[in-house]
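Visitor: when you get a sec, could you give me coordinates for this:
(chains A and B)
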Amino acid sequence: MIIFGIDTSCDDTSVALLEDGKRILSNIVSSQVDLHRLFGGVVPEIASRKHIELIENISRGAIEEAGITYQNIDVISVTAGPGLIGSILVGLCFAKGLSLALNKPLIGINHIQAHAVSIFLEREVDFPFIALVVSGGHTVILLMESPLRFKVLGTTRDDAAGEAFDKIAKYLGIGYPGGKIIEEYAEKGQKDYVRFPRPMINDNNYDFSFSGLKTAIINYIKKYGVTTQNINDILSSFQEAAFDVLTLKTIRASREHDIKRIVVGGGVASNSRLREKFLETGQKENIEVIFSSPHFCTDNGAMIAVLGYFYFKEGIVSPLDVKGYSRMMLH
Amino acid sequence: MERTECISRNPSDTWDIGEDIGRHAKPGDVYALYGELGAGKTQLVKGIARGIGVKDWLYVVSPSFTIVNIYEGVYNLFHVDFYRIEGDEVDSIHVEEFLDNGIVVVEWADRAKWWNGVIKIYIENIGEEERSIVIVKP
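Guide: Numbers count the residues shown, from 1 in each chain, chains lettered A, B, ... in the order given. A predicted model of the protein is given here:
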């Protein structure tokens, strides 16, 4: 069985072909990072226009790379939300057209849930597990009972973690994407140079807040200035504060639900300091922490296809009028 | 023109000020927010959401990523953010189309030109936590 997976929820147009839920026949991600670097962020109209220009070519490329034809596709799996609605609609409409033309079922996928199960592209993981999905648009802790059943335990109340990184990088004029650039500066700095706040770290819930941390950095820079000497230290201290909260709250969710497995996904999950912190803390607490490979941490069509596979196996497909959405329902 | 200035000492004060704005809002109102990164624009919108009866007001998040978030209260709150867009792309959002059944609050409003009748809110840092919030009604 061959599943065609499409993701256009943010800046990448991604298409993948997945066989029997396991074998990736092709997985193409058109990174638009170069375009966005010019603007210091994802530029939405450019993003949706680019998706329109790219999606057909990328789909054809994926089909060719897989060595199949459109007629071999059995199921079309596509991100319906959450994300940038204009971009999502491009992928969703393309998928609907394909579903009609090929007369094959369509499955609308929750992008966050797909990040949480993307690990199945690489290995098996026993359920239940705690998933942290952390990226430029999302910061969510999920309790995954099965690929299809999950509870949202916590989420950000203001900025996503990656968004705070992007905004700080833009504020300092050091480029885009912020996460990767800040990681490079942070590696050269002292992480205990400034004790920035760890927002909500002691609150009795699994929610996050990164906007107060962002404000604290800006206040610090306004007060003390930033030089080529201290920029590494400031950014290292900022990164450490953000990661302390992410690690501690996710580990706490694991401990309090007595679930000894954590899966971390999303773009920020490819940060090596975050990995190090999770592995260290996990080891102390006897919790297994599993990360996707970096190329499956970023948005990709393969994770959309693998979740589509789980739905299809259970006999669940979507109606052709499935709606796109920008926000995830939390309750 | 009517000008009101409030002082907020912390984010929770900002929520209260927002709540008051929300309580007095009417469908069709547009609020243009001005203030630099970290000023507390999203915090004020949380308060406005509470003021118009959005149950999940605590989860009103930054729309920088999604550009427009919609929340349901007594009527709809359209939370718009121009942080990532400029020029023609700002016009493509068509804020006026949201006004039939709700209010619109726009962050980074300096990226757009506004018509008469838009309520402008300026948030300015006057200390690490303190903010001056000036509301200018036409």
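Visitor: so what's the residue count around whichever residue of chain A sits closest to chain B?
Guide: Residue of chain A nearest chain B, by CB to the nearest CB: A:Thr215 (3.6 Å). To be clear about C-beta, it is placed using only N, CA and C from the backbone, and glycine gets the same treatment. Neighbour count of A:Thr215, defined by other CB atoms under 10 Å in any protein chain shown: 22.
Visitor: interface residues of chain B facing chain A?
Guide: Counting by CB under 8 Å from any CB of the partner chain, the positions of chain B adjacent to chain A are B:11, B:37-38, B:40, B:42-43, B:56, B:58-59, B:61-62, B:64-70, B:83-85, B:88-89, B:92, B:128.
Visitor: the bottom helix or strand of the chain by mean pLDDT?
Guide: No chain specified, so I'll use chain A. Evaluated with mean pLDDT, DSSP states H and E, the helix-and-strand set of chain A has its lowest mean pLDDT in helix A:33-39, which scores a mean of 56.
Visitor: could you do chain B instead?
Guide: Evaluated with mean pLDDT, DSSP H and E, the helix-and-strand set of chain B has its lowest mean pLDDT in helix B:88-91, which scores a mean of 78.
Visitor: list the buried residues of the helix ranked longest in chain B.
Guide: As assigned by DSSP state H, the longest helix anywhere in chain B is helix B:11-23. Within helix B:11-23, the residues that qualify as buried by neighbour count (16 or more other CB atoms under 10 Å in any protein chain shown) are B:11, B:13-15, B:17-22.
Visitor: give the other helices and strands that that helix contacts.
Guide: strand B:2-8, helix B:41-51, strand B:131-137 (3 or more CB pairs under 8 Å, 6 or more residues apart in numbering or on different chains; DSSP states H and E).
Visitor: hey, which of the ones you listed is tucked in deepest?
Guide: When those are scored by mean count of other CB atoms under 10 Å in any protein chain shown, the highest mean neighbour count falls to helix B:41-51 (a mean of 26).
Visitor: chain center to that helix: distance?
Guide: Distance of helix B:41-51 from its chain centroid, counting by CA atoms, centre = their mean, to the nearest Å, is 7 Å.
Visitor: now do stretch B:93-108
Guide: Centre to centre, stretch against its chain (CA atoms, centre = their mean), the figure for stretch B:93-108 is 10 Å.
Visitor: pretty sure A:Asn27 sits against A:Ile304.
Guide: No: the criterion here is CB atoms under 8 Å, and A:Asn27 misses it with A:Ile304 at 10.4 Å.
Visitor: who touches both of the two?
Guide: Common neighbours of A:Asn27 and A:Ile304, using CB atoms under 8 Å, 6 or more residues apart in numbering or on different chains, are A:14, A:16.
Visitor: now do the contacts for B:Tyr34.
Guide: Under the criterion of CB under 8 Å, 6+ apart, the neighbours of B:Tyr34 are B:109-110, B:120-123.
Visitor: who does it bridge with?
Guide: Going by DSSP bridges, B:Tyr34 is paired in beta bridges with B:Tyr122.
Visitor: ok, it to B:Leu99 distance?
Guide: Distance from B:Tyr34 to B:Leu99, counting by CB to CB, to the nearest Å: 20 Å.
Visitor: cool, and A:Arg255?
Guide: A:Arg255 sits 48 Å away from B:Leu99, taking CB to CB as the criterion.
Visitor: would you mind listing what in the stretch 151-300 of chain A touches chain B?
Guide: Residues of the stretch 151-300 of chain A lying near chain B (CB under 8 Å from any CB): A:155-160, A:163, A:167, A:171, A:211-212, A:214-215, A:218-219.
Visitor: who does whatever helix or strand comes next after the least confident helix or strand of chain B pair up with?
Guide: Tracing the chain past helix B:88-91, the next element assigned as helix or strand by DSSP states H and E is strand B:102-107. With DSSP bridges as the criterion, the sheet partners recorded for strand B:102-107 are strand B:30-34 (parallel), strand B:76-81 (parallel).
Visitor: residue of chain B nearest chain A, please.
Guide: Scanning chain B for the residue nearest chain A gives B:Gly38, at 3.6 Å (criterion: CB to the nearest CB).
Visitor: phi, psi of the residue lying closest to that residue once chain neighbours are set aside?
Guide: Counting by CB to CB, 6 or more residues apart in numbering or on different chains, the nearest residue to B:Gly38 once its immediate chain neighbours are dropped is A:Thr215, at 3.6 Å. Dihedral angles phi and psi of A:Thr215 (degrees, to the nearest 10) take the values phi -60, psi -40.
Visitor: what about A:Gly282, how many neighbours?
Guide: In terms of burial, A:Gly282 registers 21 neighbours under the definition other CB under 10 Å.
Visitor: which helix or strand contains it?
Guide: Counting by DSSP H and E, the element that carries A:Gly282 is helix A:272-285.
Visitor: list the buried ones in that helix?
Guide: Buried positions in helix A:272-285, judged by neighbour count with 16+ other CB under 10 Å: A:273-275, A:277-279, A:281-282.
Visitor: for that helix, name the packing helices and strands.
Guide: The elements that helix A:272-285 packs onto, with contact taken as 3+ CB pairs under 8 Å, 6+ apart, are helix A:178-187, helix A:230-256, strand A:261-265, strand A:288-291.
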